[in-house]
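Visitor: The following block contains a protein sequence and its predicted model.
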Amino acid sequence: MWMHRRTSAASDWPVEKLLAAKGANLISVVLPARNEEETVGSIVAEIRRELVERVPLVDQIMVIDSCSTDGTAAVAAAAGAEVAAQDAILPHLPRMSGKGEALWKSLAVTRGDIIVFVDADLRSFTSSYVTGLLGPLLNDPEVGYVKGCYERPLITGSDRVEGGGGRVTELVARPLINLHWPLLAGVIQPLGGEYAGRRSLLERLPFVTGYGVELGLLLDVFQTAGLDALAQVDLGRRVHSHQSTQALGAMSSQILLTSWSRLQRHGRMMPLEAPATELTQFRRDAGGVGGHDVQVSDVQVDERPPMIGIPAYTDSRRSILS
């Protein structure tokens, strides 16, 4: 069973074992960040202290500043990261927005043969997140993509609900995966923001620019490389900021649209018409229609093509490798 063969824990991958297995591989850690000045500095500092200075495992820490209006870029740079503004990368391309855009563009400014992605809003980060994700990739050439899994409490003010995080995963993504991709049912955190992959695989995948990026990558890796190219590592506990129910509705819509696109693209359905991309939501307001304020938002899912097909990227890679 895949889950038994391809699931490990961060503690299974001590840094000494990874150093011995690293060989000539360059490793980049990427943090996509938008208005995360409270947390990004401590994450960068931990990686630099433990995995750059104490042991030479990580070769590059790159923060992609996704149009922040606070001090995210300055804090990240002061902690020791390289910082690139999202819109300054491949500026000749039409502008897009969203987390997936930052992740996709990171391929153009990183040097690593292996790339580790870490969210910049984590409040419980340790360097074992990075070492755990690197373990299967450095020790098994058949693994191309590793997902992190963890316990996710829901924290609201002073209230804590153990296991209450990951609401979109449990209510939307997991049922979809079980219905349409049952071989992936053992992936514990399909939408988790901590994962790693080989550049040779990532550069050949399209990236959804919004909230569907994690699901899109998972499904595309499965389609492109097969189940045994996937692994997952238990990273322990993940504490981060949480979004409102209304915001989760928009996220869920993009997850559904992403799954729709993959069902069609991978030949799993023949749609009779395209899905609508407007989300109507309601908020109680005595001055609104029927006592409700009606809010309509566009949840359309944009997408970047595989980076390997972008001439500016291939030119830059030739320059790095020469």
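Guide: On my side now, so go ahead. Numbers count the residues shown, from 1 in each chain.
Visitor: in this protein, which spans are strands?
Guide: Under the criterion DSSP state E, the chain contains strands at 7-9, 27-33, 60-65, 82-85, 114-117, 145-151, 154-156, 159-161, 195-198, 207-208, 230-237, 278-289, 292-298, 303-304.
Visitor: would you turn those strands into JSON lines with distance to Leu103?
Guide: For the C-beta atoms, the positions are set from N, CA and C on the backbone; glycine is no exception. Output for the strands of the chain, formatted as JSON lines (distance: least, CB to CB, whole Å):
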{"stretch": "strand 7-9", "distance to Leu103": "24"}
{"stretch": "strand 27-33", "distance to Leu103": "6"}
{"stretch": "strand 60-65", "distance to Leu103": "8"}
{"stretch": "strand 82-85", "distance to Leu103": "12"}
{"stretch": "strand 114-117", "distance to Leu103": "6"}
{"stretch": "strand 145-151", "distance to Leu103": "13"}
{"stretch": "strand 154-156", "distance to Leu103": "25"}
{"stretch": "strand 159-161", "distance to Leu103": "29"}
{"stretch": "strand 195-198", "distance to Leu103": "10"}
{"stretch": "strand 207-208", "distance to Leu103": "6"}
{"stretch": "strand 230-237", "distance to Leu103": "18"}
{"stretch": "strand 278-289", "distance to Leu103": "23"}
{"stretch": "strand 292-298", "distance to Leu103": "21"}
{"stretch": "strand 303-304", "distance to Leu103": "9"}
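Visitor: Minimum distance to Pro271: which of the ones you listed has it?
Guide: The closest approach between Pro271 and any of the strands of the chain, judged by CB to CB, belongs to strand 303-304 at 16.7 Å.
Visitor: mind listing what the closest one pairs with, with the direction of each?
Guide: Strand 303-304 pairs in its sheet with strand 207-208 (antiparallel), by DSSP bridges.
Visitor: so what's the spatially most central residue of the chain closest to, chain neighbours aside?
Guide: In the chain, the centroid-proximal residue (CA atoms, centre = their mean) is Gly193; its distance is 3.9 Å. Excluding the flanking residues, the one nearest Gly193 by CB to CB, 6 or more residues apart in numbering is Asp119, at 3.7 Å.
Visitor: what number of residues lie near the one you found?
Guide: 22 (other CB atoms under 10 Å).
Visitor: just the one 4 residues further on next, same as before
Guide: By the measure other CB under 10 Å, the count of residues near Arg123 is 13.
Visitor: in this protein, which ranges drop under the pLDDT threshold?
Guide: Within the chain, the segments meeting pLDDT under 70 span 152-165, 240-242, 286-290, 320-322.
Visitor: all helices of the protein, in order?
Guide: Ranges of helices within the chain are 2-6, 15-22, 40-48, 72-79, 99-106, 128-139, 167-168, 174-180, 199-202, 213-225, 245-265, 311-321, based on DSSP state H.
Visitor: Same list as before, the ones you listed that is, but in TSV and with mean neighbour count and distance to His92 included.
Guide: TSV is the format used below for those (neighbours: other CB atoms under 10 Å; distance: least, CB to CB, whole Å):
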stretch	mean neighbour count	distance to His92
helix 2-6	13	40
helix 15-22	15	35
helix 40-48	22	28
helix 72-79	20	22
helix 99-106	27	12
helix 128-139	25	32
helix 167-168	18	34
helix 174-180	15	36
helix 199-202	18	21
helix 213-225	23	22
helix 245-265	19	26
helix 311-321	11	7
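Visitor: related to what we said a few turns ago, test my guess that the residue nearest to Gly193 contacts Pro32.
Guide: Yes. Asp119 is in contact with Pro32 according to CB atoms under 8 Å; the separation is 7.3 Å.
Visitor: Name the residues that touch stretch 303-318?
Guide: 90, 92-93, 96, 100-101, 104, 107-108, 202-209, 216, 261 (CB atoms under 8 Å, 6 or more residues apart in numbering).
Visitor: how does it look with 6 Å?
Guide: The contact list for stretch 303-318, computed with CB atoms under 6 Å, 6 or more residues apart in numbering, reads 90, 104, 107-108, 203-208.
Visitor: So which of these wins on neighbours?
Guide: Most surrounded of the contacts of stretch 303-318: other CB under 10 Å gives Trp104, at 30 neighbours.
Visitor: so that one touches Pro206, yeah?
Guide: No. Counting by CB atoms under 6 Å, Trp104 does not reach Pro206; the two are 8.6 Å apart.
Visitor: Relative to the whole chain's centre, how far out is stretch 267-285?
Guide: Distance of stretch 267-285 from the chain centroid (CA atoms, centre = their mean, to the nearest Å) equals 24 Å.
Visitor: Make residue 1 into 55 and carry on from there
Guide: Happy to do that; since the first residue is 55 now, the last one works out to stretch 321-339.
Visitor: what sits against Ala250?
Guide: 170, 187, 200.
Visitor: Quick check: chain neighbours aside, which residue is closest to the first one?
Guide: For Val170, the nearest residue in space outside its immediate sequence neighbours is Ala250; the separation is 4.2 Å by CB to CB, 6+ apart.
Visitor: For that neighbour, name its beta-bridge partners.
Guide: Val170, Val200.
Visitor: circling back: and the residue nearest to Gly247, how far from Glu90?
Guide: 9 Å (CB to CB, to the nearest Å).
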